[in-house]
Each structure stands twice: as structure tokens, then as C-alpha cells.
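Novice: Quick one, what's the 3D model for this:
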Amino acid sequence: MTTAVINPTSPLDAAQDALGVLIKTQLAPQVNAIDQEGIYPEAFLRALGAQGGFAGAASARHGGNGQGLGDIIAVMTRVGQECLSTAFALWCQTACARYVQLSDNLALQAEMLPSLTSGRQLGGTGLSNTFKSCGEIERFLLSAKRVEGGYEITGNLPWVSNLGADHVFVTGCPVEGDGRLVFFLVRCDQAGFRLQEGAHFTALEGTRTYACQFRGVRIDDARVLAHPEQSQTYLARIQPGMILAQMGMGLGLVEACIGLVESAARTHAHINRFLDEQPGPLRDALAAARSETERLAALADTLPTGAAHTELLTAILRLRLAGSELSLRAAQAAMLHQGARGYLRQATAQRRLREAYFVAIVTPSIKHLRHELARRGAN
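Specialist: Residues are numbered from 1 along each chain as shown. You can find the predicted model right below:
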């Protein structure tokens with residue numbers, strides 16, 4: 001796969017830039033409603049998919065563009081500059097598609113990928129508990145029982161995002177009597193499955209995040225992405241890209257926060273110069289993070305194995321940690337540089353600060369990343 005340049009600015013004028021126009025006309029007017037009223041930006045997501053915004057998640061054979069993680073992150077960065085809720089929904093969508101693309105289930109790829117990459121089918125990812133349980137941070141909340149022609153799934157997942165009655169998502173859990181994992185695609189309208197309204201968050205309310213209840217949910221083999229004997233290899237295949245793609249959220253957020261710092265300087269440079277964080281060092285840190293993201297995205301698309309995979313994943317964990325820390329730095333700088341006007345209920349600066357905390361706590365969180373690096377002796 002080739003890798004798109006991860007740059008949040010386009011060489012084209014925004015009026016001629018299809019993505020920029022879509023963000024300006026369909027997303028920007030909704031941002032406060034998404035943040036404060038929990039409006040889900042479904043129309044924008046479907047339009048983005050139709051325009052090719054999810055296409056990096058799949059090969060050209062399956063309706064994608066074959067450009068891989070670099071393309072996904074580039075689009076997510078642009079969206080994240082405007083709204084992190086929507087950028088996160090985009091991450092969920094492309095993660096779901098990518099899980100299918102990287103499976104060995106060719107029939108499911110042919111069935112699902114054209115609709116996932118075009119936005120006709122929306123989807124999420126429910127692998128937070130799976131990843132944390134594999135890292136011995138928490139216990140598995142789902143279990144699978146092998147039955148003829150498939151599996152029966154029982155349990156509850158507390159928070160899965162980008163869902164709806166007609167959506168799909170991917171999750172994984174251990175199989176009774178086996179101990180190894182099975183990964184599979186869930187349809188939210190299937191028998192035995194129920195979406196439940198959960199807690200309300202301080203940010204990211206517009207992401208359609210639900211608790212998921214499984215009561216003997218039947219998963220046919222046709223919906224399985226990896227059976228137990230395939231699961232270790234499959235997990236290693238999907239994990240680097242799943243974590244690295246989240247950098248699109250951080251890169252977009254940091255770019256927007258630096259913009260807020262710079263805009264405040266037009267009237268308050270004389271007093272803001274006494275603040276610790278200034279735009280120059282923040283831009284240098286952002287450029288370094290962007291460059292490393294581009295480098296690792298190109299490597300991750302090659303799906304390395306063995307020692308190369310271990311080295312890549314360690315580098316991604318370090319970068320993702322740095323992305324969280326930089327997001328917090330930049331958002332706090334934006335808040336302090338904006339001052340009282342950034343503290344208003346509908347001010348962009350206070351929203352960005354709340355969004356930055358999400359970057360730092362979404363799986364893998366800062367503490368999870370540090371835990372994984374410590375387990376690898378790489379902290």
C-alpha cells in the first residue's frame with residue numbers, strides 16, 4: 001500500500017477542496033450541537049463515506065483506495081481539527097472496516113467492505129475490553145460457546161461507540177473450554193442483542209456510545225473474523241493500526257489548539273508571552289509527531305511479523321503516549337491563552353480541553369500505554 005501524506009492543510013483552497021467544503025458546510029455548523037446536545041453526525045459521516053473518506057481502510061478490490069493508514073489518519077486529522085467527536089466516530093468506522101479487511105474471511109470482506117467504506121453501512125469497534133483483558137488490566141466481559149455452525153455470545157460490554165439499530169461492530173472474547181479468543185462481527189438488530197443507554201460523558205456525547213447486552217447471541221461462522229486457532233495471529237495483525245490510527249484525533253486536536261493560541265496573540269501577545277507554552281515549541285512537537293506517524297503508518301501497512309512487529313508496536317505505543325501528552329499540553333495552552341473568553345459555555349477552547357482528556361483516556365489510555373511499555377521493558 002502507498003501512504004498518503006498526513007498533513008492537516010490542503011494545497012488547494014478550501015473552496016476547491018472537497019473534504020474542506022464538506023467539513024465547512026455540513027460539520028462545522030453542527031459542532032456545538034454535537035458537543036452539548038449529543039447530536040450524532042450521521043449525515044456527515046455518510047457523506048464523508050460517499051466522498052471516499054473511509055476508503056483507506058480497504059483495498060481497491062473491496063471498494064477502498066488501498067492507501068492504508070496514512071490516508072485514514074490524514075482524513076481523521078482534518079475532521080479532528082473541527083470536531084473530535086466526529087473524528088472518533090470516523091476512527092470507529094475505519095477500524096471496523098480495517099478489522100474485516102485484515103481477516104481471512106474473504107466472503108465477509110466481499111459482503112461488508114464496499115458498504116463500510118462507502119458509508120452505506122456504519123460500524124463501530126468493541127475491542128476495548130478485549131485489548132485490556134489481553135493486557136491483564138481487566139477481566140473479559142463476554143464469553144463465547146462453540147455451537148454447530150457458529151458461536152453463542154453472552155455478557156455485557158459497557159461502552160461501544162458509533163452504534164445504532166442498523167449498525168455493525170467488531171468484538172472478541174474467549175471461547176469456553178478453549179481459552180483462546182474468537183473475533184466476530186455483530187449486527188445490532190440481531191436476536192438476543194440489545195443496545196442500552198449508558199452514562200453521559202463530559203465530552204464526546206455525539207458518538208452514539210451504548211452499553212451492549214448479549215444474551216445467547218448467535219454468531220454464524222460466516223460472521224467470524226478469526227477462530228481461536230487464528231486469533232493470536234489476527235490480533236497481532238490488527239493491533240498496530242488500531243492504535244496508530246488514533247493519532248489522527250490527536251494531530252487534528254493539537255493543530256486546532258495551536259490555532260487558538262495563535263489567534264489569542266493578535267490581541268493578547270503582550271501578556272500571553274508570560275505563559276509557559278508558546279506556539280513555536282508546540283508546532284515543533286506537532287511536526288515531530290506527524291513525521292513519526294507517517295513513518296510508522298508506512299511500516300504498519302506492510303504487516304510485519306516477528307521481531308519487526310514487536311519493534312513496530314513498541315514504537316507505536318511510545319508515539320501514541322506522546323500524542324496523548326501533547327494533546328493535553330496543547331489544549332491547556334489554548335485554554336490559558338484564550339483566558340476568560342475560552343471559559344464561556346460555547347467557547348471552543350473549553351471544548352478542546354474536554355476533548356483532550358478523551359484522547360488521554362480512550363483505550364489505550366495514558367496509564368494503559370505506560371503499562372504496556374513497562375511490560376515490554378520499554379518505558
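Novice: Tyr99: what's it in contact with?
Specialist: 125, 127, 170, 183, 225, 238, 242 (C-beta atoms under 8 Å, 6 or more residues apart in numbering). C-betas here are computed from N, CA, C, even on glycine.
Novice: just those now: which is nearest Thr86?
Specialist: Thr125 (15.7 Å; C-beta to C-beta).
Novice: Looking at the contacts of Tyr99, spot the one nearest Gln196.
Specialist: Using C-beta to C-beta, the contacts of Tyr99 come closest to Gln196 at Thr125, 18.0 Å.
Novice: how close does the closest one sit to Gly66?
Specialist: To Gly66, Thr125 is 21 Å away according to C-beta to C-beta, to the nearest Å.
Novice: More neighbours: which of those two?
Specialist: Counted by other C-beta atoms under 10 Å, Thr125 and Gly66 do not tie: Thr125 has more neighbours, with 24 against 15.
Novice: Phi and psi next, for the more buried one.
Specialist: Reported as degrees, to the nearest 10, the phi and psi values for Thr125 are phi -130, psi 130.
Novice: thought Ala378 was touching Thr314?
Specialist: Yes. Ala378 is within contact range of Thr314, at 5.0 Å (criterion: C-beta atoms under 8 Å).
Novice: quick one: low-confidence ranges for this protein?
Specialist: Low-confidence segments of the chain (pLDDT under 70): 1-16, 379.
Novice: show me where it has strands.
Specialist: 123-125, 142-147, 150-160, 168-174, 181-187, 193-197, 210-220, 224-226 (DSSP state E).
Novice: Would you mind finding the most buried of those strands?
Specialist: strand 123-125 (a mean of 26; mean count of other C-beta atoms under 10 Å).
Novice: ok, residues contacting that strand?
Specialist: With C-beta under 8 Å, 6+ apart as the test, strand 123-125 has contacts from 92-93, 95-97, 99, 116, 160-163, 167-171, 208, 242.
Novice: what's the answer for stretch 362-371, then?
Specialist: Here stretch 362-371 has contacts from 88, 127-128, 131-132, 135, 137, 243, 246, 317, 320-321, 324-325, 360, 372, 379, using C-beta under 8 Å, 6+ apart.
Novice: Arg351: which of the contacts of Tyr99 is nearest?
Specialist: For those, the nearest to Arg351 is Thr125 (23.9 Å; C-beta to C-beta).
Novice: Excluding covalently adjacent residues, which one is nearest to that closest one?
Specialist: Ala95 (4.3 Å; C-beta to C-beta, 6 or more residues apart in numbering).
Novice: Quick one: residues contacting that neighbour.
Specialist: 57, 125, 170, 242, 245.
Novice: Now flag whichever of the residues you listed is closest to Met76.
Specialist: Looking across those and measuring by C-beta to C-beta, the closest to Met76 is Ala245, at 7.0 Å.
Novice: wait, that closest one sits on Leu69?
Specialist: Yes. Ala245 is in contact with Leu69 according to C-beta under 8 Å; the separation is 5.9 Å.
Novice: what touches both of the two?
Specialist: By C-beta under 8 Å, 6+ apart, no residue touches both Ala245 and Leu69.
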